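Q: what follows is a predicted structure for the sequence shown.
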Amino acid sequence: MVLLSHFTVELPQIWVFHPMAVFFGMDTGVPFPPMWKIAMHIAIFFVFEDAWHYWTHRAMHWGPLYRSVHKIHHNYSAPFGLAAEYASATDVMILGAGTVLGPVLWCAITGDLHVLTMYLWIVCRLFQAIDAHSGYEFPWSLHHFLPFWAGAEHHDVHHERFIGNYASSFRWWDFVLDTEAGPEAAKARRDRKLAKDAKKAKKAQ
């Protein structure tokens, strides 16, 4: 399944990306961009990819799409690193498009993208996907330093409950749209409801 996706979906995307990005003005020469610019571009790509992933992933959990496209990825209720890539070719193509579309759109709009930044972004995204599916929060996991980073525990709950926690890298979409899953999220939801009910009761007095 993983090899099939690599050869039928990811390889064509790799082939198409380079000429497309060069067409839109991607730089392939020297000097390389400064580190601050590389970091800024990668941060922007993470935000774009996370938004893309949240909405497409949430759509994938709609009944017909889940059964025909996304269900294979949920064969593992307790995921591990390689499970990040265990999905149907359609699933990989749709969810993975956010990784490539962000840089292409950025390059088309600004004309400011270096191929080195793209390579580093792909490496970061790959590590993020493996980390999210690793099933373990390492001491150096970003979630311990960035509270809004999703991480392994966040995505583990998604695989365990098959609903909620749709975002890939950050927690803000799930938080704002009330799709967080897990006992902590359920408790926070109950607390908010109780506080709201208490406020209504106080106004009614």
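A: Structure's in. What do you need?
Q: tell me the pLDDT at the residue lying closest to Tyr136 once chain neighbours are set aside?
A: Closest residue to Tyr136 apart from its sequence neighbours, by Cβ to Cβ, 6 or more residues apart in numbering: Ala152 at 5.8 Å. Using the backbone N, CA and C atoms, a C-beta is placed for each residue, glycine as well. Looking at Ala152, its pLDDT reads 85.
Q: cool, Leu113 as well?
A: pLDDT at Leu113 comes out at 95.
Q: looking at this structure, which helix or strand does the model trust least?
A: Counting by mean pLDDT, DSSP states H and E, the chain has its least confident helix or strand at helix 2-5, which shows a mean of 56.
Q: show me where pLDDT drops low in the chain?
A: 1-11, 77-85 (pLDDT under 70).
Q: one step back: name the residues of the helix or strand just after the least confident helix or strand of the chain that are buried.
A: Using DSSP states H and E, the helix or strand that directly follows helix 2-5 along the chain is helix 11-23. Buried residues in helix 11-23, counting neighbours by 16 or more other Cβ atoms under 10 Å, are found at 17, 20-21.
Q: please report how far the spatially closest residue to Phe162 that is not a sequence neighbour lies from Asp91.
A: Spatial nearest neighbour of Phe162, excluding adjacent residues (Cβ to Cβ, 6+ apart): His74 at 6.0 Å. To Asp91, His74 is 10 Å away according to Cβ to Cβ, to the nearest Å.
Q: what about the two, which has more around it?
A: Counted by other Cβ atoms under 10 Å, His74 and Asp91 do not tie: Asp91 has more neighbours, with 22 against 17.
Q: quick check on Gly135: phi, psi?
A: Backbone geometry at Gly135, expressed as degrees, to the nearest 10, gives phi 80, psi 10.
Q: wait, it touches His154, no?
A: No - between Gly135 and His154 there is no contact under Cβ atoms under 8 Å: 11.8 Å.
Q: Ala89: how many residues sit nearby?
A: 17.
Q: my bad, should have said Gly164
A: Gly164: 18 neighbours (other Cβ under 10 Å).
Q: is the residue nearest to it when sequence neighbours are not counted in a helix, a strand, or coil?
A: Of all residues not flanking Gly164 in the chain, Ala181 sits nearest, at 2.8 Å (Cβ to Cβ, 6+ apart). Per DSSP: H, G, I helix; E, B strand; the rest coil, the secondary structure class of Ala181 is coil.
Q: who's in contact with Ala181?
A: By Cβ atoms under 8 Å, 6 or more residues apart in numbering, the contact set of Ala181 is 157-158, 161, 163-165, 174.
Q: can I get the residues you listed in a markdown table with distance to Ala87 and secondary structure?
A: Converted to a markdown table, the contacts of Ala181 look like this (distance: Cβ to Cβ, whole Å; DSSP: H, G, I helix; E, B strand; the rest coil):
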| residue | distance to Ala87 | secondary structure |
| --- | --- | --- |
| Val157 | 19 | helix |
| His158 | 14 | helix |
| Arg161 | 18 | helix |
| Ile163 | 17 | coil |
| Gly164 | 19 | coil |
| Asn165 | 17 | coil |
| Asp174 | 20 | helix |
